[in-house]
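Participant: sequence and computational prediction follow.
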Amino acid sequence: MTAAAQDAPTGHPGRWWHALPDGRIQCDLCPRECRLHEGQRGLCFVRERSGGAMVLNTYGRSSGFCVDPIEKKPLNHFHPGSSVLSFGTAGCNLACKFCQNWDISKSRDVDKLGQQASPEAIAQGCLQLQARSVAYTYNDPVIFAEYAMDVADACHAVGVKSVAVTAGYMQAAPRREFYAKMDAANVDLKGFTEAFYKEICAGELQPVLDTLAYIRHETSCWLEVTTLLIPGANDSDAEITALSRWMVRELGADVPLHFTAFHPDYKMTDRLATPPESVMRARRIAMGEGLRYVYTGNVHDAEGGTTFCPRCNTALIGRDWHHITAYRLHHTNCCPKCDFPVAGRFDLVEGEFRQFGRRRIPVSFAPAGNP
């Protein structure tokens, strides 16, 4: 092997980095700005310096694929009742102590990535499975943005939409390129104080707020927001009120907000699970502050899962967990009683409403080889 071959990067070429005067390279994908010597990986685990360049060492490899209802992402206003092919890789650029996918997001073992699929194979898989969209989820697609963007291109070429399920922790330049290729996003707004982000997530709040505002005002990407309520950490009336007021002021009243219940996991097993009453209380507060579409998750709450007309309060889309029990929109997105238009991406339904349902179908692609 020649010296040039030995020095060649091993892995898929990464974007958004630059060389530093001290010989290191800096990753410019997320606000962490990891500075790496040869062979080092960023906190995310999947972005590595190799051969003097940034590489993505999990490109084309996945921890698993599954067909889900779109409501599981959760997205309630993006083609309700449709199916979505979901997949993730490994690693994460935050370090949330409550992570509920920690076996994937905190993995430092490439053996977790047991399947491989090219962007074109995923697009064809969506067609064969009749999945309306593909979702980058389980861990954060920000850290495998090159792979997600290539998959989005391949899927768009065959009429399949792309969904990002993300914490939104991203720099401005890659944010512009990434969301130009996304049709919908659910952004996890983990709390509404800098202290929460610093102490519980090892991150910062402001970059997430910047991402939310950018998606809402600078793209055509449909946006929904999720906040996991953790007892005693981010569930006070004051914090929920502040979060809701910010959303109304900066994003508008039509962006759906999902409050979901925490269960003890990872490094926060000392906390109690969130009582259903706390999630329902948060919904009442947010709606009282002017948000039109607020939902509850991880609890059985028929009212909190239903889409109501903001004008006349008619129940328009009823839900039981991820199953749609009633669908009453007409003219694609309007209330049949008062004709008020509901914000979202809806399909014209003629005759009986058909849905994928609440099932979850694991899917296998090719076994992954050696990294």
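Facilitator: Sure, I can see it. These numbers come from a predicted model, not from an experiment.

Participant: show me where the stretch 251-371 of the chain has helices.
Facilitator: For the stretch 251-371 of the chain, the helices defined by DSSP state H, counting those that start in this stretch cover 276-288.

Participant: since we're on Gln355, how many residues are nearby?
Facilitator: Residues within reach of Gln355, counting by other CB atoms under 10 Å, total 17. For every residue, glycine as well, the C-beta is placed using N, CA and C.

Participant: surely it and Ile70 touch.
Facilitator: No - counting by CB atoms under 8 Å, Gln355 sits too far from Ile70 to count as a contact (9.5 Å).

Participant: find residues that contact each of these two.
Facilitator: Between them, Gln355 and Ile70 have Pro80, Gly81, Ser82 as joint contacts when contacts are counted by CB atoms under 8 Å, 6 or more residues apart in numbering.

Participant: can you lay out these as TSV showing distance to Met287 and neighbour count?
Facilitator: Shown next, in TSV, are the shared contacts of Gln355 and Ile70 (distance: CB to CB, whole Å; neighbours: other CB atoms under 10 Å):
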residue	distance to Met287	neighbour count
Pro80	20	24
Gly81	24	22
Ser82	26	20
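
Participant: from these, which is closest to Tyr197?
Facilitator: Nearest to Tyr197, judged by CB to CB, of those is Pro80 at 31.5 Å.

Participant: ramachandran angles for that closest one?
Facilitator: The phi and psi values for Pro80, taken as degrees, to the nearest 10, are phi -50, psi 140.

Participant: and it, what is it in contact with?
Facilitator: Contacts of Pro80 (CB under 8 Å, 6+ apart): Ile70, Glu71, Ile317, Ile324, Tyr327, Phe346, Gln355.

Participant: please repeat the previous calculation with a cut-off of 10 Å.
Facilitator: By CB atoms under 10 Å, 6 or more residues apart in numbering, Pro80 lies in contact with 69-71, 307, 317, 319, 324, 327, 329, 344-347, 349, 353, 355-356.

Participant: so how far is Ala53 from Pro141?
Facilitator: Using CB to CB, to the nearest Å, Pro141 is found at 22 Å from Ala53.

Participant: quick one, which of those two is more surrounded?
Facilitator: Pro141 (28 against 16).

Participant: ok so, going back, make TSV from the shared contacts of Gln355 and Ile70 and add pLDDT to it.
Facilitator: Output for these, formatted as TSV (pLDDT from 0 to 100):
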residue	pLDDT
Pro80	98
Gly81	97
Ser82	98
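
Participant: ranges for the strands of the stretch 251-371 of the chain?
Facilitator: 257-261, 294-297, 307-308, 315-320, 323-327, 361-363, 366-367 (DSSP state E, counting those that start in this stretch).
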